[in-house]
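Undergrad: What follows is a protein structure lacking sequence information:
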DNA sequence: GGCGGGTGACTGAACCGCCATTCATCTTAT
DNA sequence: ATAAGATGAATGGCGGTTCAGTCACCCGCC
C-alpha cells in the first residue's frame, strides 16, 4: 500500500534542500534525510533525480497558473485583471521564499528546463497572459494594434526579472511592493495612446 | 612560449560546443577536440571547466556592454538611446546565434552564474540602462517619478525574455524585427503622461 | 655551424572521487 | 504466511583532472 502523499513529502523536502544547497550540490540522500526516509525509497516514486525537479516544477507551475486564473476571473476588466495578475505573481513567490529560490535560480538548468518537460506549463501561463491582453484589446482599453505575443513576453520577462533580482538580492525588500510600479509601466505601455 | 591567443581559441571552441551539446553534456575533451588541442592543454589556461564558462561570459558581456555604450553615445537624447540600445541588444545576439544559445540557455547554471562571478558584468549593464533612464528623466521626456531601478529591470527582463523565446523557438523569425514593438511598449510605459 | 642539453608547452591515457542508482534483505500490514 | 513497501550499503560508470613523458625550440660552447 503505497503512501499516496509520499511523493508530495519528497517534493516538499526537495524544495527545501534545493533552495539551501542548489540542485547540483544536493545529494539524493539529502532529500531523503530531509523527508525522513531512505534514499532508495525515493526511487519508488521518482525515476531519477531530474524527475524530481521536473515534477516539482510541473506541479508548482500548474498550481500557480490555476490560482492566478481563478483569481483574475473575478476582476471586472482586462486592466484590473492584469494588475491582479502582477500582484499575485509577486505575492505567490514572496509567500514561499524557498520555492522562489528554486524556481528563479535553480530551476533554469539549461536545456532540461526550458526545452522539453516544462515547456507546456510555461506556455499555459503565456496563454493566460495573452488571453487577458486580447480581452483588453477587445475592450478598447489596450491598443488595437498591440502585438500581443510580444507584449506577453515583455510582461512575463519584466515580472520574471523582478523576481530573480529579488531572490538574488537576498530578498532585502518586499517584492509585492514593486508590483504597482511594474504594472504602471506595463499598462501605460500597452494602453491606447 | 605560451600562445597568447590560445585562451581565445579555447573560448571560441567552447561556445560552439556548448551551443551544440549544452554545458553539462559537453566534455572537456570535446572542447579540446574542437579547438584542435589535447584535453590537458586546456588546464594550462583554465583552472576548471566552470572557469571556461565564467571567463567566456565575462569576456562576451564586457565586450557587449562596451559596444552598446559606445553606440548609444552618438544618439541625441535618452529616448533615441533607448531605442538604439534595444535594437543593438537584439542585433548583437542575432548576429551570433551560437553565443546567443549559450548566453540565454546554457549560461544560467543556477548559483554559479547569477551569484558570484558574473554579477559584476551584469550589473554594469544594468548601470548603463539606469543611467540612460536617469538622463531621460532629467530631459523631461520620462516621468519625473519613474522608479528607475524597477524600470531598468523591467526593460532588461523584457529584452532577455524576447531573446530567450527566440532561441528556444529555434530562431524561427528575426529577433531584431521585434525591437520596435518592445521599444514602443517600454517607451510609452515610461514616458510622461 | 653543428652539437648537447635545458626549458617549457603540449599530450592523452589513466586515475580516482563522487554520487545516482540498485537490490538483497528486512519490516510491517493483513 | 505472504506480499508489498522500505531500507541503506554496495556498486558502477562517468568524466574532470592529473602528470609522466614527448617534442620543438633556443642558446652557449666547441
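TA: Received it, and whenever you're ready, just let me know what you need. A quick note: this is a predicted structure, and the numbers were derived from the prediction, not measured.
Undergrad: Spell out the secondary structure type for residue A:108.
TA: What DSSP: H, G, I helix; E, B strand; the rest coil gives for residue A:108 is coil.
Undergrad: That one reaches residue B:107, doesn't it?
TA: No: here residue A:108 lies out of contact with residue B:107, judged by CB atoms under 8 Å, at a distance of 9.5 Å. The C-beta positions use only the backbone N, C-alpha and C, and glycine is treated the same way.
Undergrad: I figured residue A:179 hits residue A:93, correct?
TA: No: applying CB under 8 Å, one finds residue A:179 not in contact with residue A:93, separated by 10.9 Å.
Undergrad: Now do the same contact list for the residue positioned nearest the centre of chain A.
TA: Taking CA atoms, centre = their mean, the centroid of chain A lies closest to residue A:61, which sits 5.4 Å from it. Contact analysis of residue A:61 by CB atoms under 8 Å, 6 or more residues apart in numbering or on different chains lists A:118, A:121-122, A:125.
Undergrad: count of residues packed around residue A:168?
TA: Per other CB atoms under 10 Å in any protein chain shown, the neighbour tally for residue A:168 reads 16.
Undergrad: Could you tell me how far it is located from chain B?
TA: The gap separating residue A:168 from chain B is 5 Å, by CB to the nearest CB, to the nearest Å.
Undergrad: Return the distance of that residue relative to DNA strand C.
TA: 24 Å (CB to the nearest atom of the strand, to the nearest Å).
Undergrad: what's the pLDDT at residue A:118?
TA: With respect to pLDDT, residue A:118 scores 80.
Undergrad: so what's it up against?
TA: Contacts of residue A:118 by CB under 8 Å, 6+ apart are A:54, A:57-58, A:61, A:107.
Undergrad: let's see it at 7 Å
TA: Shown in contact with residue A:118 (CB atoms under 7 Å, 6 or more residues apart in numbering or on different chains): A:54, A:57-58, A:61.
Undergrad: swap in residue A:56?
TA: A:11, A:14-15.
Undergrad: what secondary structure does it sit in?
TA: Taking three-state DSSP, the label given to residue A:56 is helix.
Undergrad: what's the spacing between it and residue B:139?
TA: Distance of residue A:56 to residue B:139, given as CB to CB, to the nearest Å: 47 Å.
Undergrad: Output the contacts of residue A:61 as a markdown table; include the columns secondary structure.
TA: Output for those, formatted as a markdown table (three-state DSSP):
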| residue | secondary structure |
| --- | --- |
| A:118 | helix |
| A:121 | helix |
| A:122 | helix |
| A:125 | helix |
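Undergrad: which one of the residues you listed is nearest chain B?
TA: Relative to chain B, the closest of these is residue A:122; by CB to the nearest CB it sits at 9.6 Å.
Undergrad: Number of residues surrounding that closest one?
TA: Neighbours of residue A:122 (other CB under 10 Å): 17.
Undergrad: what's the pLDDT at it?
TA: Here the pLDDT value assigned to residue A:122 is 92.
Undergrad: residues from chain A in reach of DNA strand D?
TA: Within chain A, the positions near DNA strand D by CB under 7 Å from any atom of the strand are A:1-3, A:6, A:37-41, A:43-44.
Undergrad: which of the residues you listed count as buried?
TA: Using 16 or more other CB atoms under 10 Å in any protein chain shown as the burial test, the residues of chain A next to DNA strand D include residue A:37 as buried.
Undergrad: Among the residues of chain A next to DNA strand D, which are located in helices?
TA: Cross-referencing the residues of chain A next to DNA strand D against helices under DSSP state H gives A:6, A:39-41, A:43-44.
Undergrad: will you turn those residues into CSV that also has distance to residue B:71 and pLDDT?
TA: Formatted as CSV, those follow (distance: CB to CB, whole Å; pLDDT from 0 to 100):
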residue, distance to residue B:71, pLDDT
A:6, 56, 89
A:39, 54, 94
A:40, 58, 94
A:41, 57, 96
A:43, 54, 96
A:44, 57, 95
